[in-house]
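Here's my sequence, what's the structure:
(one chain, ligands or ions: 1)
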Amino acid sequence: MFVKICGLREPATLAAAVQAGADAVGFVFAPGSPRTVDAGTVRQLLTAVPAPVQTVGVFRRQPIDEVLATATAAGVSTVQLHGGEPVTELDRLKTAGFDTIRALSLDEYLRELDRDPAGLRRHRLLLDAPVPGAGEPFDTTALRAHPPQGDWLLAGGLTPGNVSELLAGLGGATPGVDVSSGVESTRGVKDAALIEAFVAAARAL
Ligand SMILES: O=C(O)c1ccccc1NCC(=O)[C@H](O)[C@H](O)COP(=O)(O)O
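I've put the predicted structure just below:
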(Lines give C-alpha, C1' and ligand atoms only; values in the text may rest on other atoms or scores of the structure.)
Protein backbone atom coordinates (compact mmCIF):
# COMPACT_ATOMS: atom_id res chain seq x y z
CA MET A 1 0.00 0.00 0.00
CA PHE A 2 1.49 3.30 -1.19
CA VAL A 3 0.94 6.04 1.40
CA LYS A 4 1.25 9.78 0.77
CA ILE A 5 1.10 12.32 3.60
CA CYS A 6 0.17 15.72 2.19
CA GLY A 7 0.29 19.33 3.38
CA LEU A 8 3.51 19.11 5.40
CA ARG A 9 5.22 22.35 6.48
CA GLU A 10 7.30 21.60 9.57
CA PRO A 11 10.55 19.62 9.95
CA ALA A 12 9.25 17.59 12.93
CA THR A 13 6.10 16.27 11.25
CA LEU A 14 7.92 15.74 7.95
CA ALA A 15 10.40 13.59 9.90
CA ALA A 16 7.48 11.76 11.51
CA ALA A 17 6.05 10.94 8.07
CA VAL A 18 9.41 9.62 6.83
CA GLN A 19 9.95 7.67 10.05
CA ALA A 20 6.47 6.14 9.84
CA GLY A 21 7.34 4.82 6.37
CA ALA A 22 5.39 7.16 4.08
CA ASP A 23 6.17 6.55 0.39
CA ALA A 24 5.49 10.17 -0.55
CA VAL A 25 5.30 13.53 1.20
CA GLY A 26 3.33 16.45 -0.22
CA PHE A 27 3.75 20.23 -0.07
CA VAL A 28 0.95 22.61 -1.02
CA PHE A 29 1.98 25.42 -3.39
CA ALA A 30 -1.63 26.27 -4.21
CA PRO A 31 -2.37 29.71 -2.73
CA GLY A 32 -4.98 30.34 -0.08
CA SER A 33 -4.56 27.18 1.99
CA PRO A 34 -3.46 27.07 5.65
CA ARG A 35 -0.88 24.58 4.35
CA THR A 36 0.63 26.76 1.62
CA VAL A 37 4.44 26.83 1.63
CA ASP A 38 7.00 28.50 -0.63
CA ALA A 39 9.64 26.86 -2.79
CA GLY A 40 12.57 27.98 -0.61
CA THR A 41 11.02 26.42 2.51
CA VAL A 42 10.39 23.16 0.69
CA ARG A 43 13.92 23.03 -0.75
CA GLN A 44 15.22 23.32 2.81
CA LEU A 45 12.77 20.69 4.15
CA LEU A 46 13.77 18.23 1.41
CA THR A 47 17.33 18.02 2.71
CA ALA A 48 15.91 15.69 5.40
CA VAL A 49 13.97 13.42 3.02
CA PRO A 50 15.77 10.22 1.92
CA ALA A 51 15.84 9.40 -1.80
CA PRO A 52 13.24 6.64 -2.04
CA VAL A 53 10.55 8.94 -0.63
CA GLN A 54 8.71 10.76 -3.40
CA THR A 55 8.37 14.51 -2.89
CA VAL A 56 5.20 16.02 -4.31
CA GLY A 57 4.39 19.65 -5.09
CA VAL A 58 0.64 20.29 -5.07
CA PHE A 59 -0.82 22.99 -7.35
CA ARG A 60 -4.30 24.16 -8.24
CA ARG A 61 -5.34 26.41 -11.12
CA GLN A 62 -1.88 27.99 -11.48
CA PRO A 63 -0.24 28.86 -14.81
CA ILE A 64 1.85 25.96 -16.08
CA ASP A 65 5.00 28.10 -16.36
CA GLU A 66 4.61 29.05 -12.68
CA VAL A 67 4.09 25.38 -11.76
CA LEU A 68 7.27 24.38 -13.60
CA ALA A 69 9.31 27.20 -12.08
CA THR A 70 8.12 26.54 -8.52
CA ALA A 71 8.53 22.75 -8.73
CA THR A 72 12.04 23.20 -10.14
CA ALA A 73 13.01 25.76 -7.50
CA ALA A 74 11.72 23.53 -4.70
CA GLY A 75 13.38 20.40 -6.09
CA VAL A 76 10.34 18.11 -5.82
CA SER A 77 10.26 14.85 -7.80
CA THR A 78 6.55 14.90 -8.55
CA VAL A 79 3.86 17.43 -9.46
CA GLN A 80 0.21 16.99 -8.48
CA LEU A 81 -2.33 19.12 -10.36
CA HIS A 82 -5.61 19.65 -8.60
CA GLY A 83 -7.64 22.08 -10.63
CA GLY A 84 -9.02 20.12 -13.57
CA GLU A 85 -6.07 21.28 -15.69
CA PRO A 86 -5.93 19.82 -19.22
CA VAL A 87 -4.03 16.56 -19.48
CA THR A 88 -1.63 18.26 -21.89
CA GLU A 89 -0.26 20.27 -18.94
CA LEU A 90 0.56 17.04 -17.12
CA ASP A 91 2.15 15.72 -20.32
CA ARG A 92 4.34 18.82 -20.38
CA LEU A 93 5.40 18.30 -16.78
CA LYS A 94 6.32 14.69 -17.56
CA THR A 95 8.38 15.81 -20.56
CA ALA A 96 10.18 18.23 -18.22
CA GLY A 97 11.19 15.23 -16.06
CA PHE A 98 8.63 15.29 -13.25
CA ASP A 99 6.53 12.35 -12.14
CA THR A 100 2.90 13.39 -12.27
CA ILE A 101 -0.31 12.98 -10.29
CA ARG A 102 -3.64 14.01 -11.79
CA ALA A 103 -6.18 14.75 -9.05
CA LEU A 104 -9.83 14.40 -10.09
CA SER A 105 -13.15 14.26 -8.29
CA LEU A 106 -15.26 11.17 -8.87
CA ASP A 107 -17.52 13.05 -11.33
CA GLU A 108 -14.50 14.35 -13.28
CA TYR A 109 -13.02 10.84 -13.37
CA LEU A 110 -16.24 9.28 -14.68
CA ARG A 111 -16.46 11.99 -17.39
CA GLU A 112 -12.85 11.42 -18.45
CA LEU A 113 -13.49 7.68 -18.57
CA ASP A 114 -15.95 8.38 -21.40
CA ARG A 115 -14.15 11.32 -23.01
CA ASP A 116 -10.44 10.42 -22.93
CA PRO A 117 -9.62 7.05 -21.35
CA ALA A 118 -6.14 7.09 -22.92
CA GLY A 119 -5.41 10.42 -21.19
CA LEU A 120 -6.42 8.84 -17.87
CA ARG A 121 -3.78 6.15 -18.29
CA ARG A 122 -0.88 8.56 -18.84
CA HIS A 123 -0.61 9.91 -15.29
CA ARG A 124 -1.05 8.51 -11.81
CA LEU A 125 -4.62 9.27 -10.78
CA LEU A 126 -5.66 10.66 -7.41
CA LEU A 127 -9.38 10.40 -6.73
CA ASP A 128 -10.39 13.10 -4.28
CA ALA A 129 -13.41 14.89 -2.84
CA PRO A 130 -14.64 17.89 -4.89
CA VAL A 131 -12.91 20.31 -2.48
CA PRO A 132 -9.28 19.22 -2.00
CA GLY A 133 -7.79 19.29 1.45
CA ALA A 134 -11.15 19.80 3.16
CA GLY A 135 -11.18 16.46 4.96
CA GLU A 136 -14.49 15.50 3.33
CA PRO A 137 -15.00 11.88 2.32
CA PHE A 138 -16.91 11.10 -0.88
CA ASP A 139 -19.19 8.21 -1.80
CA THR A 140 -16.95 5.60 -3.42
CA THR A 141 -19.78 3.24 -4.44
CA ALA A 142 -19.42 4.02 -8.17
CA LEU A 143 -15.77 2.97 -8.05
CA ARG A 144 -16.76 -0.66 -7.60
CA ALA A 145 -18.34 -0.64 -11.07
CA HIS A 146 -15.64 1.59 -12.63
CA PRO A 147 -12.38 0.88 -10.80
CA PRO A 148 -9.43 2.94 -12.03
CA GLN A 149 -6.81 0.99 -13.95
CA GLY A 150 -3.17 0.84 -12.92
CA ASP A 151 -1.62 2.98 -10.27
CA TRP A 152 -3.95 5.34 -8.39
CA LEU A 153 -4.52 6.92 -4.99
CA LEU A 154 -7.66 7.34 -2.94
CA ALA A 155 -8.00 10.62 -1.00
CA GLY A 156 -10.71 12.73 0.59
CA GLY A 157 -11.46 12.67 4.30
CA LEU A 158 -9.34 9.63 5.12
CA THR A 159 -8.37 9.22 8.79
CA PRO A 160 -6.58 6.62 10.90
CA GLY A 161 -10.06 5.53 12.02
CA ASN A 162 -11.78 5.11 8.66
CA VAL A 163 -9.07 4.17 6.15
CA SER A 164 -9.16 0.39 6.72
CA GLU A 165 -12.94 0.26 6.36
CA LEU A 166 -12.94 2.40 3.21
CA LEU A 167 -10.24 0.27 1.61
CA ALA A 168 -12.06 -2.93 2.54
CA GLY A 169 -15.26 -1.51 1.01
CA LEU A 170 -13.40 -1.14 -2.28
CA GLY A 171 -12.47 -4.80 -2.23
CA GLY A 172 -8.93 -4.38 -0.95
CA ALA A 173 -7.58 -3.55 -4.43
CA THR A 174 -6.72 0.12 -3.92
CA PRO A 175 -3.00 0.60 -4.57
CA GLY A 176 -2.50 3.81 -2.59
CA VAL A 177 -3.93 6.45 -0.24
CA ASP A 178 -3.35 10.15 0.38
CA VAL A 179 -4.23 12.09 3.54
CA SER A 180 -3.97 15.61 4.86
CA SER A 181 -6.74 16.76 7.23
CA GLY A 182 -7.04 13.34 8.88
CA VAL A 183 -3.53 13.59 10.32
CA GLU A 184 -3.95 17.11 11.75
CA SER A 185 -4.71 18.14 15.33
CA THR A 186 -6.24 21.40 14.07
CA ARG A 187 -6.66 22.63 10.49
CA GLY A 188 -3.25 23.01 8.88
CA VAL A 189 -1.30 21.61 11.86
CA LYS A 190 0.06 18.08 11.37
CA ASP A 191 0.25 15.62 14.27
CA ALA A 192 3.07 13.06 14.44
CA ALA A 193 1.04 10.45 16.35
CA LEU A 194 -1.84 10.67 13.85
CA ILE A 195 0.62 10.32 10.95
CA GLU A 196 2.07 7.17 12.50
CA ALA A 197 -1.42 5.77 13.20
CA PHE A 198 -2.56 6.52 9.65
CA VAL A 199 0.37 4.75 7.97
CA ALA A 200 -0.14 1.70 10.20
CA ALA A 201 -3.92 1.59 9.59
CA ALA A 202 -3.55 1.98 5.81
CA ARG A 203 -1.16 -0.97 5.68
CA ALA A 204 -3.16 -3.17 8.08
CA LEU A 205 -5.39 -4.81 5.42
O1 LIG B 1 -4.53 20.97 1.32
C2 LIG B 1 -5.00 21.94 0.71
O3 LIG B 1 -5.42 22.92 1.31
C4 LIG B 1 -5.07 21.92 -0.79
C5 LIG B 1 -5.34 23.10 -1.46
C6 LIG B 1 -5.41 23.11 -2.85
C7 LIG B 1 -5.20 21.96 -3.56
C8 LIG B 1 -4.93 20.76 -2.90
C9 LIG B 1 -4.87 20.73 -1.52
N10 LIG B 1 -4.64 19.57 -0.83
C11 LIG B 1 -4.49 18.32 -1.45
C12 LIG B 1 -4.34 17.26 -0.41
O13 LIG B 1 -3.89 17.50 0.66
C14 LIG B 1 -4.67 15.87 -0.69
O15 LIG B 1 -4.12 15.52 -1.93
C16 LIG B 1 -6.14 15.53 -0.65
O17 LIG B 1 -6.93 16.58 -1.10
C18 LIG B 1 -6.60 14.98 0.67
O19 LIG B 1 -7.04 15.95 1.54
P20 LIG B 1 -7.88 15.58 2.85
O21 LIG B 1 -9.28 15.29 2.46
O22 LIG B 1 -7.75 16.80 3.69
O23 LIG B 1 -7.21 14.40 3.48
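
going forward, measure contacts between C-alpha atoms and count neighbours the same way
OK.

Strands along this protein, start to end?
2-5, 24-28, 54-59, 78-81, 99-105, 124-128, 152-154, 176-179, 184-186, 189-190 (DSSP state E).

Could I get those in CSV, plus columns for distance to the ligand, mean pLDDT and mean neighbour count?
CSV is the format used below for those (distance: least, Cα to the nearest ligand atom, whole Å; pLDDT from 0 to 100; neighbours: other Cα atoms under 10 Å):
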stretch, distance to the ligand, mean pLDDT, mean neighbour count
strand 2-5, 8, 98, 24
strand 24-28, 6, 98, 25
strand 54-59, 6, 98, 25
strand 78-81, 8, 98, 24
strand 99-105, 7, 97, 23
strand 124-128, 6, 97, 23
strand 152-154, 9, 97, 23
strand 176-179, 4, 97, 24
strand 184-186, 9, 98, 14
strand 189-190, 11, 98, 22
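
Please tabulate the ones you listed in TSV and include distance to Ala69 as additional columns.
TSV is the format used below for the strands of the chain (distance: least, Cα to Cα, whole Å):
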stretch	distance to Ala69
strand 2-5	23
strand 24-28	15
strand 54-59	11
strand 78-81	11
strand 99-105	15
strand 124-128	21
strand 152-154	26
strand 176-179	25
strand 184-186	29
strand 189-190	27
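
Close to the ligand: what parts of the chain are there?
Residues of the chain lying close to the ligand (Cα under 6 Å from any ligand atom) are 6-7, 30, 33, 35, 58-60, 82, 128, 132-136, 155-158, 178-182.

And the helix or strand of the chain with the lowest mean pLDDT, what's buried?
Taking mean pLDDT, DSSP states H and E as the measure, the chain has helix 141-145 as its least confident helix or strand, at a mean of 87. Buried positions in helix 141-145, judged by neighbour count with 16 or more other Cα atoms under 10 Å: none.

Tell me which other helices or strands that helix touches.
Using 3 or more Cα pairs under 8 Å, 6 or more residues apart in numbering; DSSP states H and E, no helix or strand is in contact with helix 141-145.

How about residues contacting that helix?
Contacting residues not belonging to helix 141-145 are listed as Leu170 [Cα atoms under 8 Å, 6 or more residues apart in numbering].
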